[in-house]
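1. Fold the following and give me the result.
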Amino acid sequence: MGVLRPNFRARHGEARQWRGQAWLGMAWLITQPGNGLRSFHDTKMNEMNKQLAVNNDTALLRLPLWKSFLDGLRQRGELSYGATWDVSVFESAFRCKADDEQFDFQVLAMRQEVEENDGFYLHQSGSKFYIPTAAEHEDVARVFETKLKRYSRRAVSIRHATLTNDTANLTDEERRKMENGHARAAIRLALLCRQRSVEEALRKHNPKLLSDA
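-> Here you go, the predicted model:
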């Protein structure tokens, strides 16, 4: 046994040297252009890089989700007049269903951002989201004006009703505050209705407001 051990070590050393040379040879083959092993290596590396890119994109996905989604639409040039999306696209981006409360919150925030910074109105109809044509934005604006007039009339009416109600227990400061608000609302209503004077607007839309004059 004492004689065989050196031979075993020698053979073992030769085997290790052979394996090292074999690995060097494989590495050299991989780096040669047009080699099948090189193509296999490149393919695997590309797959790994793509997966890393996907993982990084996921990890770096900015919150809120609607903001990240909107930035993507802008970068791809998909935010434009006449653009249409299925509701499922928004569900995927927001990671919640359309009947979820969070979905409504994100749509509301995104709609406000699009209106203020991009000049588009994001409309929802059934299972579709779309941006109306440029000409149709006038119709959208008129709808808002009509709603604003209606709510302005109600604001004037409710303040007047409260100020003239004998059972309304208001402090002097509370009454002063409401009277100032009432005057501003009346002027705003007149401007919205494009009347020449506050009195003319009030007489047309709510004569009761002039009963105390």
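2. where along this protein do the helices fall?
-> With DSSP state H, the ranges of helices along the chain come out as 4-30, 36-59, 65-75, 87-94, 101-118, 136-163, 172-192, 198-205.
3. low-scoring stretches of the protein, by residue?
-> 1-62, 194-213 (pLDDT under 70).
4. Where do the domain boundaries of the protein fall?
-> Structural domains assigned to the chain are 4-59, 65-130, 136-210, following automatic domain parsing.
5. show me the contacts for Val87.
-> Going by C-beta atoms under 8 Å, 6 or more residues apart in numbering, Val87 touches 98, 124, 127-129. Glycine gets a C-beta too; all of them are placed from N, C-alpha and C.
6. From those residues, which land in strands?
-> Counted as lying in strands by DSSP state E, out of those, are 124, 128-129.
7. Which one of those residues sits in the busiest neighbourhood?
-> Phe129 (19 neighbours; other C-beta atoms under 10 Å).
8. now that residue, nearest residue through space, not along the chain?
-> What sits nearest to Phe129 in space, not counting adjacent residues and going by C-beta to C-beta, 6 or more residues apart in numbering, is Trp85, at 4.7 Å.
9. So the one you found versus Gly181, what's the distance?
-> 41 Å (C-beta to C-beta, to the nearest Å).
10. shouldn't Leu192 be in contact with Glu145?
-> Yes - here Leu192 reaches Glu145: they are 7.2 Å apart, a contact under C-beta atoms under 8 Å.
11. Which of the two has more residues huddled nearby?
-> Leu192 (16 against 11).
12. Could you pull up the residues touching the spatially closest residue to that one that is not a sequence neighbour?
-> Spatial nearest neighbour of Leu192, excluding adjacent residues (C-beta to C-beta, 6+ apart): Lys149 at 5.1 Å. The contact partners of Lys149, by C-beta under 8 Å, 6+ apart, come to 189, 192-193.
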